[in-house]
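Colleague: What follows is a predicted protein model with its sequence.
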Amino acid sequence: MKKDNKVTIKIPRPLYNQLKDLTRDTGFNSVTDFIVWVLRDVASGGKLDQLDRLSAKEVELIRQRLKNLGYL
């Protein structure tokens, strides 16, 4: 991808540091790679709708999946 095809997205430093710790030893080369992976995963789900919220069970399943993958 050409450099001019990218933009900068700012996130709070504490979140960045948390993501840096979270992604250590996971195979992601950088926090940016992890963020792009997460955003692509979210975007592939289609359109976000404020009425569509995750249930507590769905949140727990996602947490368990991330834990099983070694992210948590």
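Modeller: Sure, I can see it. Numbering: from 1, shown residues only.

Colleague: check which helix or strand covers the residue most central in space within the chain.
Modeller: Residue closest to the mean C-alpha point of the chain, counted by Cα atoms, centre = their mean, is V38 at 3.2 Å. V38 belongs to helix 31-43 when elements are defined using DSSP states H and E.

Colleague: pLDDT (mean, whole number) over the helix or strand that that helix is followed by?
Modeller: Sequence-wise, the next helix or strand downstream of helix 31-43 (DSSP H and E) is helix 56-68. For helix 56-68, mean pLDDT rounds to 85.

Colleague: how about low-confidence regions in this structure?
Modeller: Within the chain, the segments meeting pLDDT under 70 span 1-3, 46-52.

Colleague: Repeat the analysis, applying 90 as the threshold.
Modeller: 1-6, 9, 24-27, 38-72 (pLDDT under 90).

Colleague: hey, C-alpha coordinates of stretch 5-15 in CSV?
Modeller: The C-alpha coordinates for stretch 5-15 follow below in CSV (Å, rounded to 0.1, in the frame of the first residue of the first chain):
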residue,chain,number,x,y,z
ASN,A,5,-3.1,5.8,1.0
LYS,A,6,-2.9,6.0,4.8
VAL,A,7,-4.3,8.4,7.3
THR,A,8,-3.4,9.1,11.0
ILE,A,9,-6.0,8.2,13.7
LYS,A,10,-5.3,9.5,17.1
ILE,A,11,-6.1,7.5,20.2
PRO,A,12,-5.4,8.3,23.9
ARG,A,13,-1.9,7.3,25.0
PRO,A,14,-3.1,5.1,27.9
LEU,A,15,-5.2,3.1,25.4
